[in-house]
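Student: The following comprises the amino acid sequence and a computationally predicted model.
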Number of protein chains: 2
Amino acid sequence: MRYELYYWPTIPGRGEFVRLALEEAGADYVDVGNGSSKEGLGVPAINAWLEDDDVLYLPFAPPFLKAGDQVVSHVANILQFLGPRLGLVAQDDATRLWTHGLQLTLTDFVAEIHDVHHPIGSSLHYREQRAEAHRRAAIFTGERLTRFLRYFEQVLMRNPHGSDYLVGDGLSYVDLSLFHVVRGLEYAFPNAMQRIAPELPQVMALADRVAERPNIAAYLASSRRLPFNENGIFRHYPELDP
Amino acid sequence: MRYELYYWPTIPGRGEFVRLALEEAGADYVDVGNGSSKEGLGVPAINAWLEDDDVLYLPFAPPFLKAGDQVVSHVANILQFLGPRLGLVAQDDATRLWTHGLQLTLTDFVAEIHDVHHPIGSSLHYREQRAEAHRRAAIFTGERLTRFLRYFEQVLMRNPHGSDYLVGDGLSYVDLSLFHVVRGLEYAFPNAMQRIAPELPQVMALADRVAERPNIAAYLASSRRLPFNENGIFRHYPELDP
């Protein structure tokens, strides 16, 4: 099965959570948005799909994944779909529901992180909402950042199979996603993260453990891993991280 | 099976999406948050669970649902869990993934609706972020509201089984959720909704169709249906809906 990931190019963005799962599993996939338009890929291919009146099951927005005839939209839904196929989730339904719930908490967290620099509207530039972003950032770093990360620290501490992974005694897709969120936050809010890191030994150790996995390490060293930048979700604006 | 819904009392809130599914199916359930503390219910019962150090699989926040030993968190995950049990989703995996994706789009929409009145932080009162809310509301009603609702109109129009339901030719949980979002928006933004309604014949007809279902009509007429108010997600502040 060759998977086709549809997501905007040049930023890690929400597509990165899907890429990490595909890369960890060594899956065969095409990153459509980052492909060449000469090969029928790139942004035109994404827009062609979104603007095709004959598409019956239309995604609201990228990322979405094509797997043969199946189209799956939303990061958490894509990962829930890929999990069993890539060996990145447990076999039983109860554990899958728990894993998906954790991913949905990360989904909420990522939306809040994005809205720190876009509290008024995603159609405006950051420079058009800097004052509001400044106010929101203080509450984000003072309250929400710690609330979410302490929650994941608790999940690791309470895992009855040990604190190496969020779920059970092996890697699941939600570990990969938490790794990416931690790295993104370290990029965007280095000062806030340095302050809170001592409270988060399990979370920080998990992120390092994921980074050292052979397939992830190879991916991170490749040109396929797009650097964080100020067009994505995780943006470093020093004035938002005093 | 008696389901236990854990959600804060006095507001419809995110719990309402779960209540509507349980009510439509005539399921046996306890609305823990709205129960009496004399019977071991109410807010103390929710907090007791969230603060119990022995809980291994801790939800980040309400709503969560207990079904025997299983605890499921996040609205979309709860509905995905309940769907097959209550006859509110199709049998096949491909359709279930599509239905869940639509629910996740509603999840994103609901978060944006909430943040119109809380663009800076949920820990602040509305009166502390009125100026920012005013600015965000203009973008929300001018861009996002129409984008999301037109999307669902398209989904109904393109449904190969007809436009009576979002998925297939029968009711699924996502129809119930879209009904609630429409009613909530009509409460919060009556002027904006009046302007856009003519563009949304299928969405408005679906909402009316859901409201007329016998179990939903009985529920809406009961005291269990909590009225919209200015502590919930859908708030009517006239200055945000000129």
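Tutor: Arrived safely. It should be emphasised that the depicted structure is a prediction, and the values quoted were computed from it without experimental measurement. Numbers count the residues shown, from 1 in each chain, chains lettered A, B, ... in the order given.
Student: all contacts plus neighbour counts: C-alpha atoms, from now on.
Tutor: Fine.
Student: mind giving me the domain split of chain A?
Tutor: A:3-86, A:93-213 (automatic domain parsing).
Student: can you list these in CSV and add mean neighbour count, mean pLDDT and distance to residue B:67?
Tutor: Shown next, in CSV, are those (neighbours: other Cα atoms under 10 Å in any protein chain shown; pLDDT from 0 to 100; distance: least, Cα to Cα, whole Å):
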stretch, mean neighbour count, mean pLDDT, distance to residue B:67
domain A:3-86, 18, 96, 21
domain A:93-213, 19, 98, 11
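Student: Including distance to residue A:226, could these go into CSV?
Tutor: Converted to CSV, the domains of chain A look like this (distance: least, Cα to Cα, whole Å):
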stretch, distance to residue A:226
domain A:3-86, 6
domain A:93-213, 12
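Student: Can I get the ones you listed in CSV including distance to chain B?
Tutor: Shown next, in CSV, are these (distance: least, Cα to the nearest Cα, whole Å):
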stretch, distance to chain B
domain A:3-86, 5
domain A:93-213, 5
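Student: Check which helices and strands the lengthiest helix in chain A is in contact with.
Tutor: If you go by DSSP state H, chain A has its longest helix at helix A:93-117. Judged by 3 or more Cα pairs under 8 Å, 6 or more residues apart in numbering or on different chains; DSSP states H and E, helix A:93-117 is in contact with helix A:75-86, helix A:130-139, helix A:173-188, strand B:70-73, helix B:75-86.
Student: Now with 10 Å, please.
Tutor: helix A:75-86, helix A:130-139, helix A:145-158, helix A:173-188, strand B:70-73, helix B:75-86, helix B:93-117 (3 or more Cα pairs under 10 Å, 6 or more residues apart in numbering or on different chains; DSSP states H and E).
Student: can you list the ones you listed in a markdown table and add distance to residue A:68?
Tutor: Compiled in a markdown table, those are given as follows (distance: least, Cα to Cα, whole Å):
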| stretch | distance to residue A:68 |
| --- | --- |
| helix A:75-86 | 13 |
| helix A:130-139 | 42 |
| helix A:145-158 | 35 |
| helix A:173-188 | 21 |
| strand B:70-73 | 30 |
| helix B:75-86 | 23 |
| helix B:93-117 | 12 |
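Student: Quick check: which of these is nearest to residue A:43?
Tutor: helix A:75-86 (18.9 Å; Cα to Cα).
Student: Can you say which of the domains of chain A is nearest to residue B:203?
Tutor: domain A:3-86 (15.8 Å).
Student: Now the terminal residues of that closest one, how far apart.
Tutor: End-to-end distance for domain A:3-86, by Cα to Cα, to the nearest Å: 11 Å.
Student: Same question for stretch A:63-79.
Tutor: Stretch A:63-79 end-to-end distance (Cα to Cα) = 11 Å.
Student: Check stretch A:51-68 too.
Tutor: End-to-end distance of stretch A:51-68 (Cα to Cα): 20 Å.
Student: thought residue A:220 was touching residue A:227?
Tutor: Yes - in this structure residue A:220 lies within contact range of residue A:227 using Cα atoms under 10 Å: 9.5 Å.
Student: what about these two, which has more around it?
Tutor: The neighbour count for residue A:220 versus residue A:227, taken as other Cα atoms under 10 Å in any protein chain shown, is higher for residue A:220 (17 against 13).
Student: re earlier: quick one, which of the domains of chain A gets closest to residue B:154.
Tutor: From these, taking Cα to Cα, the stretch that ends up closest is domain A:3-86, at 8.4 Å.
Student: Distance from that closest one to the middle of the chain?
Tutor: Domain A:3-86 sits 13 Å away from the centroid of its parent chain (Cα atoms, centre = their mean, to the nearest Å).
Student: Export only the CA atoms of stretch A:150-161, formatted as PDB.
Tutor: This file holds the C-alpha atoms of stretch A:150-161, laid out as PDB (Å, rounded to 0.1, in the frame of the first residue of the first chain):
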ATOM      1  CA  ARG A 150       1.900  18.200  33.400                       C
ATOM      2  CA  TYR A 151      -1.000  16.100  32.300                       C
ATOM      3  CA  PHE A 152       1.200  14.100  29.900                       C
ATOM      4  CA  GLU A 153       3.800  13.700  32.700                       C
ATOM      5  CA  GLN A 154       1.000  12.200  34.800                       C
ATOM      6  CA  VAL A 155      -0.100   9.900  32.100                       C
ATOM      7  CA  LEU A 156       3.500   8.600  31.800                       C
ATOM      8  CA  MET A 157       3.800   8.300  35.600                       C
ATOM      9  CA  ARG A 158       0.600   6.400  35.900                       C
ATOM     10  CA  ASN A 159       1.100   4.000  33.000                       C
ATOM     11  CA  PRO A 160       0.800   0.600  34.700                       C
ATOM     12  CA  HIS A 161       3.300  -0.800  32.200                       C
END
